[in-house]
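**Q** Return atomic coordinates for the entry below.
(one chain, ligands or ions: 3)
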Amino acid sequence: MGESMVTYSAPAKIYLFGEHAVVYNKHAVAVAVNLRTRVSLRRSDRFIYQTDGDTRYIEGALGIFSSLKKIPGLELRVESDIPIGAGLGSSAAVTVATLGALNEEFDAGLGIEEIARLAFEVERSIQGVASPTDTFVSSVGGCVLVPDLTRVTDHLRCSIVIGDTKVVGYTKKLVKDVKELRSRETEILDLIFDTIDRIAVTGLDALSAGDYTRVGELMNINHGLLDAMGVGTSKLSELVYAARSGGALGAKITGAGGGGCIVAICEEKDVGRVVDAIRGRGGGAIVVDVAREGLRRESED
Ligand SMILES: Nc1ncnc2c1ncn2[C@@H]1O[C@H](COP(=O)(O)OP(=O)(O)OP(=O)(O)O)[C@@H](O)[C@H]1O
Ligand SMILES: C[C@@](O)(CCO)CC(=O)[O-]
Ligand SMILES: [Mg+2]
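**A** Ligands and ions are numbered 1, 2, ... in the order given. Got it, this is the predicted structure:
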């Protein structure tokens with residue numbers, strides 16, 4: 001019987017504000033949520049992977065880690081609650097959890113900030129252009145402000161509902177499409193990004209003041225600007241409007257768009273109506289909580 005496997009997990013995330021603009025160094029506010037990816041691994045004489053996704057990000061994590069410690073062979077298993085390509089940061093979570101487990105198994109002595117930075121390098125190398133948001137919030141948990149890379153709170157006094165179009169969005173392609181649109185309409189896209197920057201900063205102030213009506217209103221404006229940059233779909237907007245009609249304070253695309261998920265915030269008393277409204281339009285709907293913990297060691301296998 002080989003030595004026991006070491007297991008680390010990392011959470012999914014939603015964006016309250018700022019996706020895509022954050023790639024151009026504008027502010028974003030992201031929140032880790034309690035859907036997790038768990039990576040278990042142990043040394044081996046060859047490389048054996050068990051996972052339900054392709055291994056691009058796992059290979060990316062192994063590659064960047066190998067520059068620190070030689071990996072002769074590895075048995076690695078991934079189990080995840082996070083839908084892939086749904087805008088919930090599944091790539092960041094699998095990368096962060098893989099690096100966390102490697103860090104312990106090979107005694108690399110990396111701190112959480114270093115793990116977040118290495119994970120960001122993996123995302124950027126695969127995505128082409130990327131922000132540190134997804135990997136940072138998955139590493140540290142709670143609610144974070146980017147590009148400051150600060151954790152602002154670990155509690156929201158509202159309910160969070162994720163609506164899933166069940167259509168995969170491809171982050172790499174969507175980020176590239178926005179980059180190409182910006183190359184054609186630079187001034188206009190920069191005005192949109194600047195407006196999203198202001199929304200994120202104002203939204204964080206509203207969050208800190210507990211003014212969730214204003215947080216929701218700013219989320220709605222942000223959704224319109226994501227549509228304007230071409231990452232929306234009719235299905236995403238259908239679920240957004242359904243959530244709002246169901247009583248959500250605010251609802252918007254979360255993540256890269258082009259498919260994937262929306263996020264809605266509401267008062268606890270309205271959660272059932274918001275869930276029913278999303279499901280009534282054929283969307284998947286799950287109520288999530290803030291994940292206070294980011295990268296986390298799980299019990300021995
Ligand atoms: N459980 C998993 N096992 C292995 N690889 C995974 C897993 N989950 C995600 N991945 C990797 O991440 C890729 C999806 O990343 P992508 O950035 O396109 O979507 P996302 O991270 O889910 O959404 P977003 O980046 O918009 O938040 C998959 O193709 C796969 O390479
Ligand atoms: C679209 C984007 O802003 C978020 C994807 O979850 C890309 C990134 O920040 O790397
Ligand atoms: Mg991703």
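**Q** in this protein, which helix has the most residues?
**A** What stands out as the longest helix in the chain, according to DSSP state H, is helix 186-208.
**Q** Could you identify the helix or strand that succeeds that one?
**A** As assigned by DSSP states H and E, the chain's next helix or strand after helix 186-208 is helix 212-228.
**Q** distance between that next one and the chain's centre?
**A** Taking C-alpha atoms, centre = their mean, to the nearest Å, one finds the center of helix 212-228 at 18 Å from the center of the full chain.
**Q** Show me what counts as buried in it.
**A** Buried residues in helix 212-228, counted by 16 or more other C-beta atoms under 10 Å: 212, 214-223, 225-227. Yep, even glycine has a C-beta here, placed from its N, CA and C like the rest.
**Q** Would you mark the buried spots in the longest helix of the chain?
**A** Neighbour counts over helix 186-208 (16+ other C-beta under 10 Å) mark 189, 192-193, 195-197, 199-204, 206-207 as buried.
**Q** residues making contact with that helix?
**A** 16-18, 20-21, 24, 26-29, 143, 145, 152-153, 156, 178, 181-182, 212, 214-215, 218-219, 221-222, 225, 228-229 (C-beta atoms under 8 Å, 6 or more residues apart in numbering).
**Q** Going by neighbour count, which residues of stretch 100-115 are buried?
**A** For stretch 100-115, the neighbour count (16+ other C-beta under 10 Å) marks 100, 101, 102, 103, 105, 106, 110, 112, 115 as buried.
**Q** Need the residues you listed in JSON lines (columns: pLDDT and secondary structure).
**A** Shown next, in JSON lines, are the buried residues of stretch 100-115 (pLDDT from 0 to 100; DSSP: H, G, I helix; E, B strand; the rest coil):
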{"residue": "100", "pLDDT": "98", "secondary structure": "helix"}
{"residue": "101", "pLDDT": "98", "secondary structure": "helix"}
{"residue": "102", "pLDDT": "98", "secondary structure": "helix"}
{"residue": "103", "pLDDT": "98", "secondary structure": "helix"}
{"residue": "105", "pLDDT": "96", "secondary structure": "helix"}
{"residue": "106", "pLDDT": "96", "secondary structure": "coil"}
{"residue": "110", "pLDDT": "98", "secondary structure": "coil"}
{"residue": "112", "pLDDT": "98", "secondary structure": "helix"}
{"residue": "115", "pLDDT": "98", "secondary structure": "helix"}
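**Q** What parts of the stretch 51-200 of the chain come near ligand 3?
**A** Neighbours of ligand 3 within the stretch 51-200 of the chain, by C-beta under 5 Å from the ion: 91, 171.
**Q** Okay, helices next: where are they in the stretch 51-200 of the chain?
**A** Here the stretch 51-200 of the chain has its helices, by DSSP state H, counting those that start in this stretch, at 56-66, 90-105, 112-127, 133-140, 171-184, 186-208.
**Q** could you check whether the last one is close to ligand 2?
**A** What it means is helix 186-208. No - contact of helix 186-208 with ligand 2 (C-beta under 6 Å from any ligand atom) is absent, the minimum separation being 10.5 Å.
**Q** And the fifth one, by the same measure?
**A** Yes - applying C-beta under 6 Å from any ligand atom, one finds helix 171-184 touching ligand 2 at 171, 175.
**Q** re earlier: and which of the buried residues of helix 212-228 is nearest to residue 248?
**A** Ranked by distance to residue 248 (C-beta to C-beta), the buried residues of helix 212-228 are led by residue 216 at 6.7 Å.
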